[in-house]
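**Student:** just need the structure, nothing else, for what follows:
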Amino acid sequence: MEVTTRLAWIQERVLGKLLGNTTLTLLYKSGVHGSCTFDMAKKCCHQGSTMTVVHLEQDIVGIFMLEHFPILHSGKPSTCVLFAFKENNSTGISALFSNAQVEINVSQLKFFSPDGLSITVHPNKQKVHLNMEVLKKLELNLKSYSEYLECEIFRVDGVKNDPSIIKKMVDVKQHRRRFLSALRAYRPSGNLVSEVRILLVGPVGSGKSSFFNSVKSAFQGHFTRQAVVGTDETSITKQYRIYSVKDGEGGKTLPFMLCDSMGLDEREEAGLCMDDIPHILKGHVPDRYQFDPCKPIVPRHVMSPPMKDRIHCVAYVLNIKSVNSLSDKMVAKLKRIRRDVVDCGVGQVALLTNVDNCDEVLDDGFVNMSESVTSQSQIKKVQNMLNIPIANILMVSNYSQERSMDPIKDALIFAALGQMLRAADDSLEDLPFEN
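**Tutor:** Have a look, this model is predicted:
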């Protein structure tokens, strides 16, 4: 008879995503395999990384162990993650990273750490003890000793054997919240404009429209496809689009807009016309303007548009996998755009898309890019090609065909937006006030 988990499918999915793209395989179920530590250890030792899940009356608590499950009458240090699903919330999970000691004997399985966290499972009594520090940090409204309905242990496949990455995966949600709070609180520098405009420019297929879709998805918490995307060799985007971004479904409009342009093509009469760039930067181009690669924009009026219509930051969007193979003609076009951007006093960043290993991009504090990333040849080439400081070279992985949202992708997207807004503020501070 097949043994199935008590977890709801969405809970199993959330637990798998907690540590990356992992899968769970049920090894032990107390109601089937017996309520004693001998049965538990026999089923679970030498299986690799494991996750112990304790089902309470209304909540679920558990512990992930990166190292092998201990054999009976033994103890060992382990990289652990303590987690909990709270009452009536099948997807809201709280988690803590901890370097813990794990011990198992004839009567109990115990996890305890130097920083005062302790969880003890008593299989023969079907009880679990969580000390006050665990209850507090996991925000659980429980008694210290609680009877449980079931104890399950899973093998975890696909997890990276690196404690620093495990910690980063666990901490990412609080950093995502921090980045999101900063974006919600943002106001353009000096109150010179009510909304900042960020222009996305780059080669055909580099991910400009996909980045806007990813930004909107990250704010709304589900996938959106407002901007049309594709993989054609010619630009899918034919119109100049000015997109606003809302803070969640029906939420307020945030004080920045993303401006999507036609893709650059190395051929002279294809893609975005280079003579259009200064007009876009200066605010002469309206939303839904139809681009013509062979016919430059003719401004509708001679007078300079108001500051609110101008571009305040330019993001050069480049597929990181194509950076080292950019043609001389494409590099020349990007450098020409940079000259126009500098002449107009506009802030600038480089946005590298299609990044693998998102969990390795930012350092442990989610502040700067990690040293391993900044040493990559693509980063150095972009830095030299566009004369952009490392701090303004940003990395994201756009949403494309994923089936669920990823907090690390969200964090990178929000971090990139925050740096774009800082670059825009720098340019606003250098601009004269205009009515």
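**Student:** so what's S244 up against?
**Tutor:** Contacts for S244 were tallied using Cβ atoms under 8 Å, 6 or more residues apart in numbering; they are 195, 253-254, 257. Heads up, the C-betas are built off the backbone N, CA and C, glycines and all.
**Student:** in strands, which of the residues you listed appear?
**Tutor:** 253-254, 257 (DSSP state E).
**Student:** between those, which is nearest W9?
**Tutor:** Set against W9, the nearest of the ones in strands among the contacts of S244 by Cβ to Cβ is L254 (33.6 Å).
**Student:** secondary structure element holding the closest residue to the closest one other than its chain neighbours?
**Tutor:** Of all residues not flanking L254 in the chain, V245 sits nearest, at 4.9 Å (Cβ to Cβ, 6 or more residues apart in numbering). V245 is part of strand 239-246 when elements are defined by DSSP states H and E.
**Student:** check the model's average confidence along that strand for me.
**Tutor:** For strand 239-246, the mean pLDDT works out to 89.
**Student:** stretch 71-81 too?
**Tutor:** On average, stretch 71-81 scores 88.
**Student:** begin at 4 from here
**Tutor:** Got it, the first residue is 4 from now on, which makes the last one we talked about stretch 74-84.
**Student:** R341 sits in which helix or strand?
**Tutor:** Per DSSP H and E: helix 331-346 holds R341.
**Student:** who's the closest residue to L27 other than its chain neighbours bridged to?
**Tutor:** Leaving aside its chain neighbours, L27 sits nearest to F157 (4.1 Å; criterion: Cβ to Cβ, 6+ apart). With DSSP bridges applied, F157 shows beta-bridge pairing to L29, M54.
**Student:** break this structure down into its structural domains.
**Tutor:** 12-164, 175-432 (automatic domain parsing).
**Student:** all helices of the stretch 4-153 of the chain, in order?
**Tutor:** Assigned by DSSP state H, counting those that start in this stretch, the stretch 4-153 of the chain shows helices spanning 12-21, 33-36, 40-47, 135-140.
**Student:** over to the stretch 304-438 of the chain?
**Tutor:** Going by DSSP H, counting those that start in this stretch, the stretch 304-438 of the chain shows helices at 331-346, 374-377, 380-389, 410-432.
**Student:** what's the first one in contact with?
**Tutor:** Surrounding helix 331-346, the residues in contact under the criterion Cβ under 8 Å, 6+ apart are 204-206, 267, 269, 277, 280-281, 284, 317, 319, 329, 351, 388-390.
**Student:** least confident pick among these?
**Tutor:** Where pLDDT dips furthest among those: E269, at 82.
**Student:** and that residue, what is it in contact with?
**Tutor:** With Cβ under 8 Å, 6+ apart, E269 has these contacts: 330, 332-333, 336.
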